[in-house]
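Asks: below are the sequence and a predicted model for it; my questions follow.
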Amino acid sequence: MDDIWSAHGPAIGPEIQSADEQLAEVNQQEQQISALLAGIALLAVGVAMLGAYALGLPLAAYLGWHYLSGFEARVDLASGLVLPLVLACAITLIVTVLAALRHLRQALSLQPIEALR
């Protein structure tokens, strides 16, 4: 076989791998893809959270300040406005992370053939 290959085949030699080596290589590639997908998912969550905070908080702070300014006996801004906004941010962060983790888990558990259907 080597004589025929060297006479008629390309100048490169054949590369022979066992099935275990090929399977290990495929598993390594899948782990790299999974890590890449996890990083992209975390980046997407970060962008979504930034968008929610950047668009919702200044308007909420202004409306809260405007609403509270109409009262005669006022509450200080730290407990009347800042604390509810921080609490809303924390709840939004928790819900966003949980939703992203749920979708990430579903995406990573999906078999490639199912994704193509």
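Replies: Cool, the structure landed.
Asks: can you show me the CA trace of the helix or strand containing residue 6 as CSV?
Replies: In this structure, residue 6 sits in helix 2-8 according to DSSP states H and E. Output of helix 2-8 as CSV, limited to C-alpha atoms (Å, rounded to 0.1, in the frame of the first residue of the first chain):
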residue,chain,number,x,y,z
ASP,A,2,2.8,2.4,0.8
ASP,A,3,4.5,1.8,-2.6
ILE,A,4,1.2,2.5,-4.4
TRP,A,5,0.6,5.6,-2.3
SER,A,6,4.0,7.0,-2.9
ALA,A,7,3.8,6.3,-6.7
HIS,A,8,0.3,7.7,-7.3
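Asks: next secondary structure after that helix?
Replies: helix 19-68.
Asks: find the centremost residue of the chain, please.
Replies: In the chain, the C-alpha nearest the mean C-alpha coordinate belongs to residue 41, at 1.2 Å (Cα atoms, centre = their mean).
Asks: now it: closest residue in space, sequence neighbours ignored.
Replies: Take residue 41 and drop its neighbours on the chain: the residue closest to it by Cβ to Cβ, 6 or more residues apart in numbering is residue 104, 4.6 Å away. Any C-beta I mention is one placed from the backbone N, CA and C, and that applies to glycine too.
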